[in-house]
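**Q** Take this sequence and fold it.
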Amino acid sequence: VMLGTTTDTITWHAAGQKEGMTYFYTDSWKQYVNTYSEDMMRSANQYFLYEQKIAGKQFWFSHDPMITLESYPNTAFAMELNWLKESYGLTELTAANFVKSGSYWYFVP
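**A** The predicted structure follows:
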């Protein structure tokens, strides 16, 4: 599963597509938020994470998770990281939870 954010050079969904991974993305995100609410879409994202965890999938990140946690704590990516923390029963996320492999990072609970 590829999680991440968007920068000028890469998006999490482009990285996921390139690597043949699962990712949560729709071009209609803003339309869905307007129709269903931000909270409902966040819940859908969390359910997606739950389904991937139950399926035993490895979580990967297109962008450095520690930078997101430290500098962008109110983003959807930070929400996903905090969901992982809580879902795996961790009290905090540290650099040891994210291993760099090539251009990406993967999660180690």
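
**Q** For the residue nearest to Met21 when sequence neighbours are not counted, name its beta-bridge partners.
**A** Distances taken as C-beta to C-beta, 6 or more residues apart in numbering put Met2 closest to Met21, at 4.3 Å, once the chain neighbours are dropped. From N, CA and C alone the C-beta is placed, and that goes for glycine too. Counting by DSSP bridges, Met2 is bridged to Trp60.

**Q** Would you check that Met2 makes contact with His13?
**A** Yes - the pair Met2 and His13 qualifies as a contact (C-beta atoms under 8 Å) at a distance of 7.4 Å.

**Q** can you list residues touching both of these two?
**A** Residues touching both Met2 and His13 (C-beta atoms under 8 Å, 6 or more residues apart in numbering): Tyr23.

**Q** More neighbours: which of the two?
**A** Met2 (24 against 19; other C-beta atoms under 10 Å).

**Q** residues contacting that one?
**A** Trp12, His13, Ala15, Gly16, Glu19, Met21, Thr22, Tyr23, Trp60, Phe61, Ser62, Tyr104.

**Q** is it true that Phe48 touches Thr26?
**A** No - in this structure, Phe48 is not within contact of Thr26 by C-beta under 8 Å, at 11.1 Å.

**Q** ok, the two, which is more surrounded?
**A** More crowded of Phe48 and Thr26, by other C-beta under 10 Å: Phe48, with 16 against 11.

**Q** burial measure for Leu49, as a count.
**A** 19.

**Q** average model confidence for the longest helix anywhere in the chain?
**A** Taking DSSP state H as the criterion, the chain has its longest helix at helix 38-54. For helix 38-54, mean pLDDT rounds to 93.

**Q** And that helix, how far out from the chain middle?
**A** Relative to its chain's centre, helix 38-54 lies at 10 Å (C-alpha atoms, centre = their mean, to the nearest Å).

**Q** Restricting to C-alpha, output that helix in CSV.
**A** This file holds the C-alpha atoms of helix 38-54, laid out as CSV (Å, rounded to 0.1, in the frame of the first residue of the first chain):
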residue,chain,number,x,y,z
GLU,A,38,-14.7,15.9,5.2
ASP,A,39,-15.4,13.7,8.2
MET,A,40,-17.1,11.0,6.0
MET,A,41,-14.2,11.0,3.5
ARG,A,42,-11.7,10.7,6.3
SER,A,43,-13.7,7.8,7.7
ALA,A,44,-13.6,6.2,4.2
ASN,A,45,-9.8,6.6,4.1
GLN,A,46,-9.5,5.0,7.6
TYR,A,47,-11.6,2.1,6.5
PHE,A,48,-9.3,1.7,3.5
LEU,A,49,-6.3,1.6,5.8
TYR,A,50,-8.1,-1.0,8.0
GLU,A,51,-8.9,-3.2,5.0
GLN,A,52,-5.3,-3.1,3.9
LYS,A,53,-4.0,-3.9,7.4
ILE,A,54,-6.4,-6.9,7.7
